[in-house]
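*Asks:* For reference, the sequence and a predicted model appear below.
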Amino acid sequence: MKIYKPEWQCTFSVYEGVEEASSWKERIAWRLRQLADKLDGSGRTIKIDCSVTPHVSRQDIDTCLGKGFEVTQGLLTQLAQQAACEDVMRDAKAELYKEDYSS
């Protein structure tokens, strides 16, 4: 009886800037990305490298990335809500946040 063993590999890397060992082409690409960020005045440019074996379609990868960013938005929204609540508490009950340096 033959035993089948599925094998797969996935590497996922996110870059926010040029790496030291980058080629001159990559350095120029990052300069252009920085320029675009300055022209836009907002946002954040990242580069995503994704390699999946066996092959997964670009559409499936894009769908996964979209869902990942939806999760990220939810997490950031929760953090913003917590920070807003803490700001209100610091204003309403400042005495709870004062540190006692006399000890």
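*Replies:* Good, I have the coordinates.
*Asks:* Ramachandran angles for residue 47?
*Replies:* The phi/psi pair for residue 47 (degrees, to the nearest 10) reads phi -120, psi 130.
*Asks:* how close does the nearest residue to it once chain neighbours are set aside get to residue 30?
*Replies:* Distance criterion C-beta to C-beta, 6 or more residues apart in numbering; nearest residue to residue 47, sequence neighbours excluded, is residue 15 at 4.4 Å. C-beta: built from backbone N, CA, C; applies to glycine. As defined by C-beta to C-beta, to the nearest Å, residue 15 lies at a distance of 9 Å from residue 30.
*Asks:* Which one's more surrounded, those two?
*Replies:* Between residue 15 and residue 30, counting by other C-beta atoms under 10 Å, residue 30 is the more crowded of the two (18 against 14).
*Asks:* For the more buried one, which three-state class applies?
*Replies:* Put simply, residue 30 is helix when judged by DSSP: H, G, I helix; E, B strand; the rest coil.
*Asks:* I'd say it and residue 18 touch.
*Replies:* Yes: if you go by C-beta atoms under 8 Å, residue 30 and residue 18 touch, sitting 4.0 Å apart.
*Asks:* can you pull the contacts of the residue nearest to residue 47?
*Replies:* For residue 15, the contacting residues are 46, 47, 48, 49, by C-beta atoms under 8 Å, 6 or more residues apart in numbering.
*Asks:* can you pick the most crowded of those?
*Replies:* residue 47 (14 neighbours).
*Asks:* so that residue touches residue 14, yeah?
*Replies:* Yes: using C-beta under 8 Å, residue 47 is in contact with residue 14, at 7.3 Å.
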